[in-house]
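[1] Dropping the sequence and predicted coords here.
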Amino acid sequence: MLFGLSVPSLLLIAIAVAVVWIYVPFLVVAYARAQIGYLTNKEMMAAPRATFDQLPDYGKRATWAHQNALEAFPIFAAAALMAYVTHQTSAWAGWAAIAWIVARFLYPVFYILNVSILRSLMFGIGSVCSFTLIGLSLISTL
């Protein structure tokens, strides 16, 4: 039990939170688009991806952070579901899920603020967490 939750419950909650995290950077993209007049320009609204070059640098980085979240989520979801279906109850699995959530929340923050070393560290931590869940699942099936 971590934070009063069973590890299987924590894994499912982490997947749900991860879905929300995908869209956090997009809020910054929306703000950047508003700054360039996107909301009042029908041509921009007709081709939203064509506005990328007009975004301020932080808006471009937020776009990239959003895209990376879309890429990272399937790996984590698969890893967490593997841990769930193999009935992982170890603290390692719970902490890996929590650490992934924290790292992937901080990842876009550091990306948008252009702190590349911390962004890369958060990416690495998230990856290690996913691989930990996969490894625990595979070991338990042997």
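    Now that the structure is in, tell me what you want to look at.
[2] which SSE is the closest residue to Trp64 other than its chain neighbours in?
    In this structure, Trp64 finds its nearest non-sequential neighbour in Tyr111, 6.6 Å apart by C-beta to C-beta, 6 or more residues apart in numbering. Using the backbone N, CA and C atoms, a C-beta is placed for each residue, glycine as well. Tyr111 is located in helix 91-112, with elements delineated by DSSP states H and E.
[3] Following element in sequence after that helix, please.
    helix 116-141.
[4] Which secondary structure elements does that next one sit against?
    helix 57-85, helix 91-112 (3 or more C-beta pairs under 8 Å, 6 or more residues apart in numbering; DSSP states H and E).
[5] winner for burial among these?
    helix 91-112 (a mean of 21; mean count of other C-beta atoms under 10 Å).
[6] Now do that helix against helix 116-141: the angle between them, please.
    Orientation check (axes from the mean of the first three to the mean of the last three C-alpha atoms, to 10 degrees): helix 91-112 against helix 116-141 gives 160 degrees.
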